[in-house]
Structure formats: structure tokens, C-alpha cells
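**Student:** would you be able to build a 3D model of this:
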Amino acid sequence: MPFRNLPRARSLAGRSTSPHALISREVITVDGVQVSVLRKKNRNMYLRVKPPYGAVEVTAPARMPQQDIVRFVRERRAWIDEVLRKMAAARSRTFASPNVDPDVPVSAVSMQREGTAEGAFSWNEQSLERARQSIERQLPALLRKWEPVIGRAPSKITLRTMSSRWGSCTPKTARIRLNLQLGLMDPKYLEYVLVHEMVHLWEHGHGAGFQARMTDALPNWKELRRELNTCTIFEVPQVRG
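**Tutor:** Residues are numbered from 1 along each chain as shown. Below is the predicted model:
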């Protein structure tokens, strides 16, 4: 089974200029919350709380007075706090299993109001390599178990970091991609995602046919899906090339 080595860092260079290109960036503090303010040629303001650690970001018109931005954030403080609470809970669940990689401590998912806590989890060359080795150790046995059950086999499995998915499949080529983070989590999630993507070798969508095959193969798949959907995906930081 061929595997691809460590993922390449994505470059931000060479992006085309848009009408809403960034004009300036600043950081302000609103009642103890750090807020990144991105000024663009927008007509309206937008607020985001970005996973996984809850960075608060406001996109504002270029000439918007700072006091209006502060008021905008204060009016949405209850919503911000609720999102931060949910993100903290999701981080705690991600590495909570006793079967998790022992090199990922519980403190790796902690967060402080003023920013990322010391020791918080972040991808580096060592964690990428641990995750890759963990998945490669598990895959041969998983494939021996599930290929006869599913009735089809992937032509290639690629390991990579992902920003919003645990896995993906291209049925036409039978290629499967797995999120490297699965190598640091409870092994049951790697197994579920692998089975999920292998079933896509038969069923392109998530309709009745897909669900029937999943239930036949892995009766508790919906419970595993619900659990996994409450976990956090830690994206590799982008770098400029």
C-alpha cells in the first residue's frame, strides 16, 4: 500500500488581488477579549470566532471608527462566549480517550481567554511524523479486516492534514485520503473514517444505499460519526512562501 510522506506547507503567495483585499490589520482588546480587526473595502462588519482556539476576528470597513467596532463586539459578547465554550469542549473531547497518542497531553487542548495556552497542541514535524507512523501501523490490519467485508479496496491511500474533513474518496480512481490527525486520536475513529471512505467506492453520495452498506458493515457507525463530529480538526498553520 503506497503512502505519501509528510504534507507540504501551503503557500499564500501569488494570490490575486480582490476588491475586498486587506488594507490593514490591528489587534484590539474588548473587555478582556483580543480581537483581530481586518480593514477592507467592505460596506458591513463581520465577526468570526475561528477554530480551534477561538480567535475572534472582525472584518470592518476601512474608515469604520474603532468605537463602533468595540460596540459591535460587545453586542455579540454572549454569542462569542457560547462559541468559545463549545470550542473548548470540542478540544477536550478530541484527545480525551485513554487510547490516544500518549505524547499528546491533556493540556494540549486547553485554552485561556487571552490566547492559546502554553503547551496547547500545534502541528510540527514531530507530531506529523508520529501521526503518519501511527496510521501506517494500523492500516494493514484494518485493510485486511475490511476489504473482504466491503468488497472493494482502495488503489491508494494518501495521508494529509485537512482543514475541514476527516477523509475523502475519489471513486473513479479508488483513491482515499485520510486526515493525519486520526493517527493521534482513538483508533476507533480511524477505523470508522476508513470504512466510510471505502463504502464510497460503491456509493458516491450519502443516500439510502450508502447508509445501508454502512449499517451492514459497521452497525454503530452513526454513533461514531456523532462522536467524531464533536471533535476539533487542528489545521497545519499556513506559511508564506
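**Student:** the helix or strand hosting residue 135 packs against which elements?
**Tutor:** For residue 135, the element it lies in under DSSP states H and E is helix 125-150. Where contact means 3 or more CB pairs under 8 Å, 6 or more residues apart in numbering; DSSP states H and E, helix 125-150 is packed against strand 156-160, helix 187-199, helix 208-217. Any C-beta I mention is one placed from the backbone N, CA and C, and that applies to glycine too.
**Student:** could I get the average pLDDT for the last one?
**Tutor:** The predicted model gives helix 208-217 an average pLDDT of 96.
**Student:** quick check: next helix or strand after it?
**Tutor:** Next element after helix 208-217 (DSSP H and E): helix 221-229.
**Student:** tell me how far that following helix lies from the chain's centre.
**Tutor:** Here helix 221-229 is found 15 Å from its chain centre; the criterion is CA atoms, centre = their mean, to the nearest Å.
**Student:** in it, what's buried?
**Tutor:** 221, 224-225, 227-228 (16 or more other CB atoms under 10 Å).
**Student:** which strands and helices sit next to it?
**Tutor:** helix 187-199.
**Student:** and the angle for the helix it packs on with strand 156-160?
**Tutor:** 130 degrees (axes from the mean of the first three to the mean of the last three CA atoms, to 10 degrees).
**Student:** so what does helix 187-199 touch, helix or strand wise?
**Tutor:** For helix 187-199, the elements it packs on are helix 125-150, strand 167-170, strand 175-179, helix 208-217, helix 221-229, judged by 3+ CB pairs under 8 Å, 6+ apart.
**Student:** could those be laid out in a markdown table, adding distance to residue 56?
**Tutor:** Compiled in a markdown table, these are given as follows (distance: least, CB to CB, whole Å):
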| stretch | distance to residue 56 |
| --- | --- |
| helix 125-150 | 26 |
| strand 167-170 | 30 |
| strand 175-179 | 26 |
| helix 208-217 | 38 |
| helix 221-229 | 23 |
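**Student:** could you pull up the residues touching residue 209?
**Tutor:** 202-203 (CB atoms under 8 Å, 6 or more residues apart in numbering).
**Student:** again, 7 Å this time
**Tutor:** residue 203 (CB atoms under 7 Å, 6 or more residues apart in numbering).
**Student:** A helix includes residue 25, no?
**Tutor:** No - counting by DSSP: H, G, I helix; E, B strand; the rest coil, residue 25 is not found in a helix; it is strand.
**Student:** so what sits opposite it in the bridge?
**Tutor:** residue 38 (DSSP bridges).
**Student:** pLDDT wise, what is it at?
**Tutor:** 89.
**Student:** could we number from 14 for the rest of this?
**Tutor:** Got it, first residue is 14 now, which makes that one residue 38.
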